[in-house]
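A.B. asks: Next one to model:
(one chain, ligands or ions: 1)
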Amino acid sequence: MEQIPGSILTLAAGVVITLLSLWASQQSHLFFPEQASEIAPLVDNLFGIMVGIAVAFFFVVQGAIVYFMIRYRQRPGDEEDGSPIRENLPLEAFWTAIPAIIVIFLGIYSVDIFQQMGGFNPGDHAGHAMVGHKHSAAVVAQAPDMNMTSDVPMLLAQADTSAEVGFGASPENVGKPPDVMVDVAGMQYAWIFTYPDSGIISGELHIPVGQDVQLNISAKDVIHSFWVPQFRLKQDAIPGIPTELRFKATKPGAYPVVCAELCGGYHGSMRTRVIAHTPEDYQAWVQQNTVANAPQESPVLLAQAASMTPENRMVAGHIHQMGITPETLAQLHP
Ligand SMILES: [Cu+2]
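C.D. replies: Here you go, the predicted model:
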């Protein structure tokens, strides 16, 4: 040990730790489900870098502890106190500067990704395509205990407000209207998806792959959070504040939609699916449901959900799982 200079050993340890942390950051994708949206790789890269940094710190700190435990252990017969060392300015400056640089780098990098995702700056409309579309924010004003059965048109009323919270168009799409727009309403304990263009109302989100999809998200009662792990996207649904999520799916398939905000006793059952179709399949789905889900029948599902008692509200979360369609509900309600 004494023959090898300490600086060489430190250098060797540094090389080994660097290689290990690089390897770990490449493996970090194993923690995640598949990537199914355009921004998923960006988010995963940021996560990978953070994993790499954390692994490097782990080995530096734990390695130092183990090394010092062995190197400076108490020898038999040694009853002396340790040498009284205090203050080492260069060392303190070093261990302050390195984390500061890392934190600043991560801050700049994550803001860059946030902007590539189209994240809104607080109080700023610059990133938001003002194309004159309407959001269904009025649903927020409806108290859950109101009897909505006769007031369905109110529920569907459109308020002309634009979201200032969430993710809008990515930089290359600013100013362009989205290809598909869906109003998403979160309520205890279900998500309801309304397609303003076709009037379709659905318990599952259907979207085409490769097209710009905009979700106008609202909450009818308490805060919910719309989360699709495979898309690496999550946006809160906040009562009284319309939020937006704009994205492109890249892979056809069915992915879980999870409510990521503890919203009540049956929060855990507030799950549904997003189905990413190929554009042709999506058109077929729209065709099929525009016919099956004609405007005069479709509000049944919504009215049903809105006028629920607390006891059967939990059932709403299961409606899609049980395969209950608006038609079935219409039959149950003469
Ligand atoms: Cu919820």
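A.B. asks: tally of neighbours for V222?
C.D. replies: Under the neighbour criterion other Cβ atoms under 10 Å, V222 is assigned a count of 17. All C-beta spots, glycine's among them, are computed from the backbone N, C-alpha and C.
A.B. asks: and it, which of the three is it?
C.D. replies: At V222, secondary structure determined by DSSP: H, G, I helix; E, B strand; the rest coil is coil.
A.B. asks: Now do the closest residue to it other than its chain neighbours against P76, distance only.
C.D. replies: In space, not counting the residues next to it along the chain, V222 is nearest to C263; the distance is 5.1 Å by Cβ to Cβ, 6 or more residues apart in numbering. When Cβ to Cβ, to the nearest Å is the yardstick, C263 and P76 sit 63 Å from each other.
A.B. asks: Looking at those two, which one has more neighbours?
C.D. replies: For C263 against P76, the residue with the higher neighbour count under other Cβ under 10 Å is C263, and the figures read 21 against 4.
A.B. asks: Might one say that that one is in contact with Y189?
C.D. replies: Yes. Counting by Cβ atoms under 8 Å, C263 touches Y189, with 7.2 Å between them.
A.B. asks: list residues touching both of these two?
C.D. replies: Listed as contacting both C263 and Y189 by Cβ atoms under 8 Å, 6 or more residues apart in numbering are M270.
A.B. asks: Give me every residue in this structure lying close to the ion.
C.D. replies: Applying the criterion Cβ under 5 Å from the ion, the portion of the chain that neighbours the ion consists of 224, 259, 263, 270.
A.B. asks: residue contacts, the last one?
C.D. replies: Applying Cβ under 8 Å, 6+ apart, one finds that M270 lies in contact with 186, 188-191, 224, 258-259, 263, 317.
A.B. asks: do that again at 7 Å, thanks
C.D. replies: 189-190, 224, 259, 263, 317 (Cβ atoms under 7 Å, 6 or more residues apart in numbering).
A.B. asks: burial of L46, as a residue count?
C.D. replies: Around L46 there are 17 other residues, counting by other Cβ under 10 Å.
A.B. asks: again, but for the one 5 residues further on
C.D. replies: Each residue near V51 was counted by other Cβ under 10 Å, and the total is 18.
A.B. asks: Which strand or helix spans it?
C.D. replies: Secondary-structure element containing V51, defined by DSSP states H and E: helix 40-71.
A.B. asks: Give me the residue ranges of the stretch 101-250 of the chain where confidence is low.
C.D. replies: Judged by pLDDT under 70, the stretch 101-250 of the chain has its weakly predicted residues at 122-161.
A.B. asks: That one: helices as residue ranges?
C.D. replies: Taking DSSP state H, counting those that start in this stretch to define them, one finds helices in the stretch 101-250 of the chain at 152-155.
A.B. asks: My guess is P239 contacts H224. True?
C.D. replies: No. The pair formed by P239 and H224 falls short of the contact definition of Cβ atoms under 7 Å, at 9.3 Å.
A.B. asks: Name all residues that make contact with Q214.
C.D. replies: Neighbours of Q214 in contact, by Cβ under 7 Å, 6+ apart: 178, 181, 244, 246.
A.B. asks: Please list all residues in contact with the second one.
C.D. replies: Applying Cβ under 7 Å, 6+ apart to M181 gives the contacts 133, 196-197, 214, 216.
A.B. asks: which one among those residues gets closest to the ion?
C.D. replies: Nearest to the ion out of those is N216 (Cβ to the ion; 17.2 Å).
A.B. asks: At the geometric centre of the chain, which residue do we find?
C.D. replies: K234 (2.0 Å; Cα atoms, centre = their mean).
A.B. asks: Find the nearest non-adjacent residue to that one, please.
C.D. replies: Closest to K234 by Cβ to Cβ, 6+ apart is W227, at 4.1 Å.
A.B. asks: pretty sure the one you found is in contact with A260, am I right?
C.D. replies: Yes. W227 is in contact with A260 according to Cβ under 7 Å; the separation is 4.0 Å.
A.B. asks: For those two, list the residues in contact with both.
C.D. replies: K234.
A.B. asks: Now do the buried residues in stretch 10-21.
C.D. replies: Of the residues in stretch 10-21, those buried by neighbour count under the rule 16 or more other Cβ atoms under 10 Å are 17, 21.
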